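Q: predicted model and sequence follow; I will ask about them next.
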Amino acid sequence: MAANDSAITKKGRAIRKDRMIRKPDSTSRHDTAIRDSLSKLDIDFHFCMHTIPIGCNKTIQMPELQLCGLVKRYGAVQVLHRIDLHMEPNEFTVLVGPSGCGKSTTLRMIAGLETVSEGEIYIDSRPVSHLEPKDRDLAMVFQDYALYPHMNVANNMSFALRLKREPKPKIDARVREVAAMLGLSDYLHRKPGELSGGQRQRVAMGRALTRDASTFLFDEPLSNLDAKLRGQMRAELALMRQRVQKNMIYVTHDQVEAMTLADRIVVMHEGHIHQQGTPVDLYERPVNRFVAGFLGTPPMNFLDVELEETDGKIFATDGHIRVEIVGELSVRARKRPSRNAVLGIRPSDLSYRPEMVPGRTIDLKVLVSEYVGTRSVLICECGQARFTVEVKSETPIALGETVRFAVNNEFVHLFDQSTALAI
């Protein structure tokens, strides 16, 4: 019995000694697997080689990101059709489109959460489609925050740094710096359940910023917030963009977010890119009817018309309206063999002008008036079509009244009826 006790005691001492001399960075396969799984779930990737202080206004070159012929299939269903996209360094790129257009799938393929069926993703000319998410130097902010409920704000934000076993003073300094920028300094001790939706979203963004990766990915981060909070967070994102010189790719279905935040907007529909460019380019020069109708609030009005020429002038008419087409658009309209077209007029390009003569006016019957403060949105009838008009709320218009509105002819659009392409 004594011999057995002695053997057990020696074995216990040997185990304790082994634990004492074990190197701090050595881990079991089980521990490694857990840490790798957490890293992949949280998209806390390796640190960027280009470290920029958050308060620094100096622009440092970030890597270029390029998508070449990207295709995604789920079985026999193809959801992305040869996506080609080149994103410049330090650019805020917004992928926008209706639900199911493929924007989130594209973002998840960039992150490494979805496999690439065909094509390649390049970061600074280096193919990365075969790399694990943790090896792509990216950080992601999810739609549903993806915060750890049992951790406080400080621990959520420092999660990636602790996985990397960074020195505690460095972790604390980084967390304080990011928290100050996002207005979270007074909440570092709180847990996610004790925060508002906007605060939780800021913590999610802070966790990504703490990592200081080269590229940040945002997957509809404001969609779970109410209208007021979305407006506040849009402003905070715009301010953060000015201070953090990074590549940012942002996915949203909200065209207001796209127009207010983006350096470049990429409009997607049914797995295709329809147009990309600056917000001004896409708003003023849409390439097709879909882009024209998607960007702008309220959306553009469309009306099937015929083009006719009278006294050297081109007019769009449908029996109820007669609008003159001017400028370069009239030149392009004359060259078309077909006389059928779609007229596009934005609600803001119509104004209450009852004294104007026909030719630059439209007569509309007012059905509904939506009061939104200093402006009112009128839902009107033009033959069988509905038209939306924006006017000042004090404009003297009664429901059921037929009113004459002036058309800003310089900004009307024409589209081909069969292809929907801009003329």
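A: Looks like it came in fine.

Q: which phi and psi values does residue 334 adopt?
A: phi -60, psi -30 (degrees, to the nearest 10).

Q: scratch that, residue 342
A: phi -120, psi 120.

Q: for it, which non-adjacent residue is spatially closest?
A: residue 415 (4.2 Å; C-beta to C-beta, 6 or more residues apart in numbering). All C-beta spots, glycine's among them, are computed from the backbone N, C-alpha and C.

Q: bridged to the one you found, which residues?
A: Listed by DSSP bridges, the beta-bridge partners for residue 415 are residue 342, residue 422.

Q: in this structure, what helix or strand scores lowest on average pLDDT?
A: Sorting the helices and strands of the chain by mean pLDDT, DSSP states H and E puts helix 29-42 at the bottom, at a mean of 40.

Q: how close does residue 280 get to residue 295?
A: Separation of residue 280 from residue 295 (C-beta to C-beta, to the nearest Å): 11 Å.

Q: same deal with residue 81?
A: Counting by C-beta to C-beta, the gap from residue 81 to residue 295 is 21 Å.

Q: more neighbours: which of these two?
A: The residue with more neighbours, out of residue 81 and residue 295, is residue 295; 23 against 14, by other C-beta atoms under 10 Å.

Q: list phi and psi for the more buried one.
A: Dihedral angles for residue 295 - degrees, to the nearest 10 - are phi -100, psi 130.

Q: ok, it - contacts?
A: With contact taken as C-beta atoms under 8 Å, 6 or more residues apart in numbering, residue 295 is in contact with 255, 258-259, 265, 267, 279, 282-283, 286.

Q: could I get those residues in CSV, plus columns for distance to residue 223 and secondary structure?
A: Putting the contacts of residue 295 into CSV (distance: C-beta to C-beta, whole Å; DSSP: H, G, I helix; E, B strand; the rest coil) gives the following:
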residue, distance to residue 223, secondary structure
255, 13, helix
258, 13, helix
259, 16, helix
265, 17, strand
267, 18, strand
279, 20, helix
282, 21, helix
283, 22, helix
286, 24, coil
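
Q: isn't residue 243 up against residue 181?
A: Yes. Contact criterion C-beta atoms under 8 Å: residue 243 and residue 181 qualify, at 6.7 Å.

Q: which one of these two is surrounded by more residues?
A: The residue with more neighbours, out of residue 243 and residue 181, is residue 181; 20 against 15, by other C-beta under 10 Å.

Q: let's see the pLDDT reported for that one.
A: pLDDT, residue 181: 81.

Q: is it in contact with residue 240, as I believe?
A: Yes. When contacts are counted by C-beta under 8 Å, residue 181 is listed as touching residue 240 (7.1 Å).

Q: between those two, what contacts are shared?
A: With C-beta under 8 Å, 6+ apart, residue 181 and residue 240 have common neighbours residue 209.

Q: what helix or strand is the residue nearest the centre of the chain located in?
A: Nearest to the mean C-alpha position of the chain, by C-alpha atoms, centre = their mean, lies residue 251 at 3.0 Å. In this assignment (DSSP states H and E), residue 251 forms part of strand 247-252.

Q: on that earlier part again, quick one: the helix or strand following the least confident helix or strand of the chain to strand 247-252, angle?
A: Once helix 29-42 ends, the next helix or strand along the chain (criterion: DSSP H and E) is strand 65-74. For strand 65-74 against strand 247-252, the angle by axes from the mean of the first three to the mean of the last three C-alpha atoms, to 10 degrees is 40 degrees.

Q: please identify the buried residues of strand 65-74?
A: 65-68, 70-72 (16 or more other C-beta atoms under 10 Å).

Q: out of the residues you listed, which comes closest to residue 210?
A: Among the buried residues of strand 65-74, residue 65 lies closest to residue 210 (C-beta to C-beta), at 21.4 Å.

Q: residues in contact with the residue lying closest to the closest one once chain neighbours are set aside?
A: The spatial neighbour of residue 65 that comes closest, neighbours along the chain excluded (C-beta to C-beta, 6+ apart), is residue 87 at 4.5 Å. When contacts are counted by C-beta under 8 Å, 6+ apart, residue 87 touches 64-66, 93, 247, 249, 264.

Q: domain ranges for this structure?
A: Taking automatic domain parsing as the reference, the chain has its domains at 65-292, 298-415.

Q: JSON lines please, covering these and showing distance to residue 421.
A: JSON lines is the format used below for the domains of the chain (distance: least, C-beta to C-beta, whole Å):
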{"stretch": "domain 65-292", "distance to residue 421": "5"}
{"stretch": "domain 298-415", "distance to residue 421": "7"}
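
Q: quick check: the residue nearest to the centre of the chain vs residue 208, distance?
A: 14 Å.

Q: re the thing from before, now the contacts of residue 87: which count as buried?
A: The buried subset of those - by 16+ other C-beta under 10 Å - is 65-66, 93, 247, 249, 264.

Q: ok, of the residues you listed, which one's closest to residue 156?
A: When these are compared against residue 156 (criterion: C-beta to C-beta), the nearest one is residue 249, at 22.4 Å.

Q: doesn't residue 108 make contact with that closest one?
A: No. Applying C-beta under 8 Å as the test, residue 249 and residue 108 come out as separate, 11.2 Å apart.

Q: tell me who's in contact with the nearest residue to residue 326 once chain neighbours are set aside.
A: Among residues not flanking residue 326 along the chain, residue 409 sits closest, at 4.8 Å (C-beta to C-beta, 6+ apart). Listed by C-beta under 8 Å, 6+ apart, the contact partners of residue 409 are 323-326, 360.
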